[in-house]
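> Provide a 3D model corresponding to the input given below.
(2 chains)
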There are 2 protein chains.
Amino acid sequence: MLETREEHGCFAGRMGYYIHASSATGVPMNFAVYQPPQALDGARVPALYYLAGLTCTEETFMIKAGAQRLAAELGLMLVACDTSPRGLNIPGDSDHWDFGVGAGFYLNASMLPWTRNYRMARYVDHELPTFIEEHFPASAERRGIFGHSMGGHGALVLALRNPEYWHSVSAFAPICNPGAVPWGEKAFGNYLGPDREQWREWDASMLMRKHPYPGEILVDQGDADPFLTTQLKPEALQAAAEISGQQLRLRRQPGYDHSYWFIQTFMADHLRHHARKLGCAG
Amino acid sequence: MLETREEHGCFAGRMGYYIHASSATGVPMNFAVYQPPQALDGARVPALYYLAGLTCTEETFMIKAGAQRLAAELGLMLVACDTSPRGLNIPGDSDHWDFGVGAGFYLNASMLPWTRNYRMARYVDHELPTFIEEHFPASAERRGIFGHSMGGHGALVLALRNPEYWHSVSAFAPICNPGAVPWGEKAFGNYLGPDREQWREWDASMLMRKHPYPGEILVDQGDADPFLTTQLKPEALQAAAEISGQQLRLRRQPGYDHSYWFIQTFMADHLRHHARKLGCAG
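This next block holds a predicted model:
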């Protein structure tokens, strides 16, 4: 069931906020869709999924990233999901900004009390696109994924785990090696338990070492990002790419930080990266 | 005294939030500035001031309007102020979303208890640009003003009252005839008192009837705007323009509402309108 919260005209397309029941998370999930004018005119268009970072919601990208103008030109649908299930009141789910609500890390939890609802990987990698392709004119053959920080990590991990499903991938300032940084240790320790061997299945650098993604991955990273050395560690991703032969275009952007001011600056490059791989006209 | 709250790299320029003491309002005022790369490279650039609508702050435009990318190209500085003084706790200033805090209406109040602090016209029309031109590389010869809804009204009124000071003007979905609509009646009644003759000095349609602004005014208005007939009344502005011979380019945009999704769709047209009049390279 698709419930429409609101819809607005935007660049001759339609910006909308919606809600649907999710079996993956067990709760209703909010999501946002930008339909380019080509979709309203009857075309089935490629869809590009965005995964946001810690504390964000399905609104953050749509409001702050400035992606709609070019998506309208390129004929790309944009889809943004929430960053975790909400409204569960699981003890401990709201005590920290970097764990629980707003911090689902796009994995499937295997530890109680998280394993029942914190299954964002299953939600993003299967349930949401299926729903989108049923209710919106999105092509099932042309799906891209990207994200920021925790969501950049999510995009990389989901694409590396399921490269047939995701036909293009990129990331802004991703957490590259979560098993080796405080944000990741906290999340993985709670969602996956103490066995660090399990963590390797949800760590972009560990996954990339084993099997490269079939196609170039674009990553932008600001060199004035306050989380660069403690949490993000792009050098781990670079090393993984060298080991497996992954095509990785990792760009260091001088003077840019971790904010959406950075993201919007390089948004056009990412949209064009996906558009090329997804076969958009632009 | 300029206090920097935060600064971020954005499109090779700098997005910043600042605070300064204001004698016009008697309280510290927050404002936001986007400096295009040309300004960081040492050029003194034209500045375009944005006045936001009811309930907004100095952040709204910068986050939601998607103006920085093209401003960087054109070499336009963008300045956004807050919509009222804050922190005063004047009785009644926070009881309604459409009056008091967040609803200063860009006029100078003449009634107690508002007259001491609710002097947003004086703040925008003189104090803030003087401060900006002192602390940022903004040209004092090339100043533009635009805004949305209550802020669109503010831009029109300030430009019509002081056409030598403002070298270009435009508006998104402005309140065109505040003296004849509920938002304006409430604000003007409280800020200016019951004498409706006084109101005419702060009403864009009344001002335009008497003296046209020397230059074309661009106005965009969505025809799916829920406030169109009850609060905005662009037909009053059209009638005023016909009476005084004002050059008015009033565009009705089918399917667009009152949101920033509408504003961002037509932002480029407005930036180019101002850039042409302010003599930007782009």
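> just the helices in the stretch 51-200 of chain A please.
Under the criterion DSSP state H, counting those that start in this stretch, helices of the stretch 51-200 of chain A are mapped to A:60-64, A:68-74, A:120-122, A:128-135, A:150-161, A:182-192, A:196-199.
> what angle separates the longest strand along chain A from helix A:128-135?
For chain A, the longest strand by residue count, based on DSSP state E, is strand A:138-148. For strand A:138-148 against helix A:128-135, the angle by axes from the mean of the first three to the mean of the last three Cα atoms, to 10 degrees is 140 degrees.
> so which bits of strand A:138-148 are buried?
Using 16 or more other Cβ atoms under 10 Å in any protein chain shown as the test for burial, strand A:138-148 gives A:138-139, A:142-148. For the C-beta atoms, the positions are set from N, CA and C on the backbone; glycine is no exception.
> just name the most buried of the helices of the stretch 51-200 of chain A.
helix A:150-161 (a mean of 28; mean count of other Cβ atoms under 10 Å in any protein chain shown).
> state the mean pLDDT of that helix.
The average pLDDT for helix A:150-161 rounds to 98.
> what's that helix packed up against?
strand A:45-51, helix A:120-122, strand A:138-148, strand A:168-172, helix A:204-210, strand A:217-222 (3 or more Cβ pairs under 8 Å, 6 or more residues apart in numbering or on different chains; DSSP states H and E).
> for the fourth one, C-alpha coordinates in CSV please.
As requested, C-alpha coordinates have been extracted for strand A:168-172 and formatted as CSV (Å, rounded to 0.1, in the frame of the first residue of the first chain):
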residue,chain,number,x,y,z
SER,A,168,26.1,1.8,-11.0
VAL,A,169,27.5,2.9,-7.7
SER,A,170,29.2,6.0,-6.2
ALA,A,171,29.8,7.6,-2.7
PHE,A,172,30.4,10.9,-1.0
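> pairing partners for it, with directions?
Using DSSP bridges, strand A:168-172 pairs in its sheet with strand A:138-148 (parallel), strand A:217-222 (parallel).
> what's it in contact with?
Identification of contacts with strand A:168-172 by Cβ atoms under 8 Å, 6 or more residues apart in numbering or on different chains yields A:48, A:144-149, A:151-153, A:155-156, A:159, A:213, A:215, A:217-221, A:262-263, A:266, A:270, A:273-274, A:277-278.
> buried stuff in it?
A:168-172.
> and which of those residues is nearest chain B?
Closest approach to chain B among those (Cβ to the nearest Cβ): A:F172, at 13.4 Å.
> now the closest one. Nearest residue, chain neighbours left out?
Closest residue to A:F172 apart from its sequence neighbours, by Cβ to Cβ, 6 or more residues apart in numbering or on different chains: A:H148 at 4.4 Å.
> so how far is stretch A:120-128 off the chain centroid?
Counting by Cα atoms, centre = their mean, to the nearest Å, stretch A:120-128 is centred 11 Å from the centre of its parent chain.
> okay if I get the buried residues of strand A:138-148 as CSV plus distance to B:S84?
Formatted as CSV, those follow (distance: Cβ to Cβ, whole Å):
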residue, distance to B:S84
A:A138, 43
A:S139, 48
A:R142, 48
A:R143, 46
A:G144, 43
A:I145, 42
A:F146, 39
A:G147, 37
A:H148, 33
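> and A:D195, how many neighbours?
Residues contacting A:D195 under the criterion other Cβ atoms under 10 Å in any protein chain shown number 11.
> distance of it from chain B?
40 Å (Cβ to the nearest Cβ, to the nearest Å).
> ok, now how distant is that residue from A:M111?
For A:D195, the distance to A:M111 (Cβ to Cβ, to the nearest Å) stands at 10 Å.
> what residues does the stretch 101-250 of chain A put near chain B?
A:222, A:224 (Cβ under 8 Å from any Cβ of the partner chain).
> recalculate using a threshold of 10 Å.
By Cβ under 10 Å from any Cβ of the partner chain, the residues of the stretch 101-250 of chain A that approach chain B are A:222-224.
> contacting residues for the residue most central in space within chain A?
Centroid check for chain A by Cα atoms, centre = their mean gives A:L51 as the closest residue, at 2.4 Å. By Cβ atoms under 10 Å, 6 or more residues apart in numbering or on different chains, the contact set of A:L51 is A:61, A:80-83, A:104-106, A:120, A:124, A:145-158, A:171, A:174.
> who does it bridge with?
A:L51 has these beta-bridge partners by DSSP bridges: A:G147.
> pLDDT wise, what is A:M1 at?
pLDDT, A:M1: 88.
> how many other residues sit next to it?
Neighbours of A:M1 (other Cβ under 10 Å): 8.
> contacting residues for it?
Neighbouring residues of A:M1 by Cβ under 10 Å, 6+ apart: A:19-21, A:28, A:131, A:135.
> specify which member of those residues is nearest to chain B.
Using Cβ to the nearest Cβ, the contacts of A:M1 come closest to chain B at A:I19, 18.8 Å.
> the closest one belongs to a helix?
No. Using DSSP: H, G, I helix; E, B strand; the rest coil, the secondary structure at A:I19 is strand, not a helix.
> just checking, it touches A:C81?
No. Using Cβ atoms under 10 Å, A:I19 is not in contact with A:C81; the gap is 11.3 Å.
> what about A:V27, neighbour count?
If we define neighbours as other Cβ under 10 Å, then A:V27 has 14 of them.
> the longest helix belonging to chain A: how far from the chain's middle?
For chain A, the longest helix by residue count, based on DSSP state H, is helix A:260-278. Computed by Cα atoms, centre = their mean, the separation of helix A:260-278 from the middle of its chain amounts to 13 Å.
> do stretch A:214-224 as well
Using Cα atoms, centre = their mean, the offset of stretch A:214-224 from its chain centre is 14 Å.
> end to end, how far does that stretch reach?
Its start and end residues considered, stretch A:214-224 measures 31 Å (Cα to Cα, to the nearest Å).
> same check, this time on stretch A:139-158
End-to-end distance for stretch A:139-158: 19 Å, by Cα to Cα.
> cool, stretch A:249-261 as well?
21 Å.
> compute the mean per-residue pLDDT across that stretch, please.
Stretch A:249-261 shows an average pLDDT of 98 in the prediction.
> buried set for that stretch?
For stretch A:249-261, the neighbour count (16+ other Cβ under 10 Å) marks A:250, A:253, A:256-261 as buried.
> equivalent analysis for stretch A:46-62, please.
For stretch A:46-62, by 16+ other Cβ under 10 Å, it's A:46-54, A:56-58, A:60-62.
> still on that earlier bit, now render the helices of the stretch 51-200 of chain A as a markdown table, adding distance to A:Q238.
As requested, the helices of the stretch 51-200 of chain A are exported to a markdown table (distance: least, Cβ to Cβ, whole Å):
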| stretch | distance to A:Q238 |
| --- | --- |
| helix A:60-64 | 26 |
| helix A:68-74 | 28 |
| helix A:120-122 | 24 |
| helix A:128-135 | 30 |
| helix A:150-161 | 13 |
| helix A:182-192 | 18 |
| helix A:196-199 | 20 |
